[in-house]
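# predicted model and sequence below, questions to follow.
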Amino acid sequence: MKLYEIAENFKNLEALLDDENIPKELIEQALSEVQGTLEEKITGMCKYIKSIESDVEGIKNEVTRLEKMKKVKTNAITSIKIYMFDQLKALNMQKIKTPLFSVNIQRNPPSLNILDDTKIPMFYVVPQELVFDKKAILKDLKDNIEIQGCEIKQTERIQIR
(Lines give C-alpha, C1' and ligand atoms only; values in the text may rest on other atoms or scores of the structure.)
Protein backbone atom coordinates (compact mmCIF):
# COMPACT_ATOMS: atom_id res chain seq x y z
CA MET A 1 0.00 0.00 0.00
CA LYS A 2 1.36 3.41 -0.97
CA LEU A 3 1.62 6.29 1.50
CA TYR A 4 -0.99 8.39 -0.29
CA GLU A 5 -3.36 5.40 -0.18
CA ILE A 6 -2.85 5.17 3.59
CA ALA A 7 -3.61 8.89 3.95
CA GLU A 8 -6.73 8.39 1.83
CA ASN A 9 -7.80 5.47 4.07
CA PHE A 10 -7.43 7.72 7.11
CA LYS A 11 -9.71 10.30 5.51
CA ASN A 12 -12.28 7.60 4.67
CA LEU A 13 -12.13 6.20 8.21
CA GLU A 14 -12.60 9.66 9.69
CA ALA A 15 -15.69 10.09 7.51
CA LEU A 16 -17.00 6.74 8.76
CA LEU A 17 -16.67 7.92 12.36
CA ASP A 18 -19.59 10.24 11.70
CA ASP A 19 -21.76 7.28 10.55
CA GLU A 20 -23.62 6.02 13.63
CA ASN A 21 -24.59 2.70 11.90
CA ILE A 22 -21.00 1.38 11.85
CA PRO A 23 -19.83 -0.23 15.11
CA LYS A 24 -17.09 1.76 16.85
CA GLU A 25 -15.04 -1.42 17.44
CA LEU A 26 -14.83 -2.05 13.68
CA ILE A 27 -13.69 1.50 13.02
CA GLU A 28 -11.09 1.38 15.81
CA GLN A 29 -9.69 -1.90 14.47
CA ALA A 30 -9.43 -0.46 10.94
CA LEU A 31 -7.78 2.69 12.33
CA SER A 32 -5.15 0.70 14.22
CA GLU A 33 -4.37 -1.42 11.11
CA VAL A 34 -3.91 1.64 8.94
CA GLN A 35 -1.91 3.33 11.70
CA GLY A 36 0.42 0.30 11.86
CA THR A 37 0.87 0.34 8.11
CA LEU A 38 1.52 4.09 8.14
CA GLU A 39 4.13 3.74 10.90
CA GLU A 40 5.86 0.93 9.00
CA LYS A 41 5.94 3.02 5.80
CA ILE A 42 7.21 6.12 7.62
CA THR A 43 9.85 4.07 9.46
CA GLY A 44 11.03 2.54 6.19
CA MET A 45 11.21 5.93 4.49
CA CYS A 46 13.11 7.41 7.45
CA LYS A 47 15.65 4.57 7.31
CA TYR A 48 16.05 5.16 3.57
CA ILE A 49 16.51 8.92 4.12
CA LYS A 50 19.18 8.25 6.76
CA SER A 51 20.97 5.92 4.36
CA ILE A 52 20.93 8.55 1.61
CA GLU A 53 22.10 11.23 4.06
CA SER A 54 25.04 8.99 4.94
CA ASP A 55 25.86 8.58 1.24
CA VAL A 56 25.63 12.35 0.72
CA GLU A 57 27.99 12.98 3.65
CA GLY A 58 30.48 10.46 2.23
CA ILE A 59 30.29 12.08 -1.20
CA LYS A 60 30.75 15.53 0.37
CA ASN A 61 33.87 14.32 2.21
CA GLU A 62 35.24 12.75 -0.97
CA VAL A 63 34.62 15.98 -2.92
CA THR A 64 36.49 17.92 -0.22
CA ARG A 65 39.39 15.46 -0.36
CA LEU A 66 39.54 15.64 -4.16
CA GLU A 67 39.33 19.47 -4.12
CA LYS A 68 42.34 19.56 -1.77
CA MET A 69 44.22 17.16 -4.04
CA LYS A 70 43.31 19.30 -7.07
CA LYS A 71 44.63 22.41 -5.31
CA VAL A 72 47.93 20.70 -4.45
CA LYS A 73 48.38 19.53 -8.05
CA THR A 74 47.45 22.96 -9.47
CA ASN A 75 49.92 24.66 -7.11
CA ALA A 76 52.64 22.22 -8.22
CA ILE A 77 52.00 23.11 -11.87
CA THR A 78 52.17 26.83 -11.07
CA SER A 79 55.40 26.43 -9.09
CA ILE A 80 57.08 24.47 -11.88
CA LYS A 81 55.99 27.02 -14.52
CA ILE A 82 57.31 29.90 -12.38
CA TYR A 83 60.62 28.06 -11.96
CA MET A 84 60.91 27.44 -15.74
CA PHE A 85 60.01 31.09 -16.46
CA ASP A 86 62.62 32.39 -14.01
CA GLN A 87 65.32 30.10 -15.43
CA LEU A 88 64.62 31.06 -19.04
CA LYS A 89 64.58 34.78 -18.10
CA ALA A 90 67.88 34.41 -16.19
CA LEU A 91 69.46 32.86 -19.33
CA ASN A 92 67.90 35.53 -21.64
CA MET A 93 66.13 32.77 -23.56
CA GLN A 94 62.67 33.29 -25.08
CA LYS A 95 62.16 29.68 -26.12
CA ILE A 96 63.60 26.20 -25.90
CA LYS A 97 62.74 23.18 -27.99
CA THR A 98 63.10 19.60 -26.78
CA PRO A 99 62.27 16.40 -28.68
CA LEU A 100 58.86 16.28 -26.98
CA PHE A 101 58.00 19.89 -26.09
CA SER A 102 58.46 23.49 -27.14
CA VAL A 103 58.53 26.03 -24.31
CA ASN A 104 58.49 29.76 -24.96
CA ILE A 105 57.89 32.94 -23.01
CA GLN A 106 54.82 34.63 -24.40
CA ARG A 107 53.32 38.03 -23.70
CA ASN A 108 49.89 37.99 -22.08
CA PRO A 109 47.01 39.99 -23.60
CA PRO A 110 46.75 43.57 -22.33
CA SER A 111 44.81 43.97 -19.09
CA LEU A 112 43.45 46.95 -17.20
CA ASN A 113 45.03 48.35 -14.06
CA ILE A 114 42.74 50.87 -12.31
CA LEU A 115 44.78 53.45 -10.44
CA ASP A 116 41.94 55.66 -9.08
CA ASP A 117 38.35 54.52 -9.56
CA THR A 118 36.94 57.91 -8.50
CA LYS A 119 38.25 59.51 -11.71
CA ILE A 120 36.60 56.99 -14.08
CA PRO A 121 33.51 58.40 -15.91
CA MET A 122 30.19 56.90 -14.75
CA PHE A 123 29.26 55.53 -18.20
CA TYR A 124 31.92 52.83 -17.58
CA VAL A 125 30.08 51.67 -14.47
CA VAL A 126 28.06 48.47 -14.94
CA PRO A 127 24.78 48.49 -13.00
CA GLN A 128 24.57 45.64 -10.52
CA GLU A 129 21.57 43.87 -9.01
CA LEU A 130 20.72 45.16 -5.55
CA VAL A 131 21.77 42.94 -2.67
CA PHE A 132 19.70 43.18 0.50
CA ASP A 133 20.90 42.35 4.00
CA LYS A 134 18.14 39.80 4.63
CA LYS A 135 19.36 38.94 8.13
CA ALA A 136 19.18 42.59 9.23
CA ILE A 137 15.74 43.04 7.64
CA LEU A 138 14.43 39.88 9.34
CA LYS A 139 15.87 40.99 12.69
CA ASP A 140 14.18 44.40 12.38
CA LEU A 141 10.87 42.83 11.38
CA LYS A 142 11.08 40.52 14.40
CA ASP A 143 11.72 43.64 16.53
CA ASN A 144 8.40 45.03 15.20
CA ILE A 145 10.05 47.59 12.93
CA GLU A 146 7.80 48.04 9.89
CA ILE A 147 9.61 47.73 6.55
CA GLN A 148 7.49 48.26 3.44
CA GLY A 149 7.77 45.53 0.82
CA CYS A 150 8.80 42.91 3.37
CA GLU A 151 7.09 40.41 5.61
CA ILE A 152 8.10 37.48 7.75
CA LYS A 153 7.17 34.12 6.24
CA GLN A 154 7.10 30.86 8.13
CA THR A 155 7.32 27.58 6.20
CA GLU A 156 7.25 23.98 7.37
CA ARG A 157 9.48 20.99 6.78
CA ILE A 158 9.92 17.38 7.84
CA GLN A 159 12.34 16.76 10.70
CA ILE A 160 13.57 13.24 11.39
CA ARG A 161 15.19 12.47 14.75
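Here it is on my side, so go on.

# from Lys142, how far out is the residue nearest the centre of the chain?
Of all residues in the chain, the one closest to the mean position by CA atoms, centre = their mean is Lys60, 11.1 Å from it. Note on Lys60: its distance to Lys142, by CB to CB, to the nearest Å, is 32 Å. The way it works is simple: take the backbone N, C-alpha and C, and place the C-beta from them, glycine included.

# quick one: residues in contact with stretch 130-144.
Ile147, Cys150, Glu151, Ile152 (CB atoms under 8 Å, 6 or more residues apart in numbering).

# before we move on, the earlier item: so the residue nearest to the centre of the chain versus Leu112, what's the distance?
Distance, Lys60 to Leu112, using CB to CB: 38 Å.

# name the next helix or strand downstream of the helix or strand bottoming out on mean pLDDT in the chain, please.
Counting by mean pLDDT, DSSP states H and E, the chain has its least confident helix or strand at helix 3-17, which shows a mean of 64. Per DSSP states H and E, the first helix or strand lying C-terminal to helix 3-17 is helix 24-90.

# for the protein, which residues score under the pLDDT cut-off?
Applying pLDDT under 70 to the chain flags residues 1-19, 24, 27-28, 30-38, 44.

# one more time with 80
Across the chain, the ranges flagged by pLDDT under 80 are 1-48.

# my read: Lys95 touches Val103, true?
Yes: the pair Lys95 and Val103 qualifies as a contact (CB atoms under 8 Å) at a distance of 6.5 Å.
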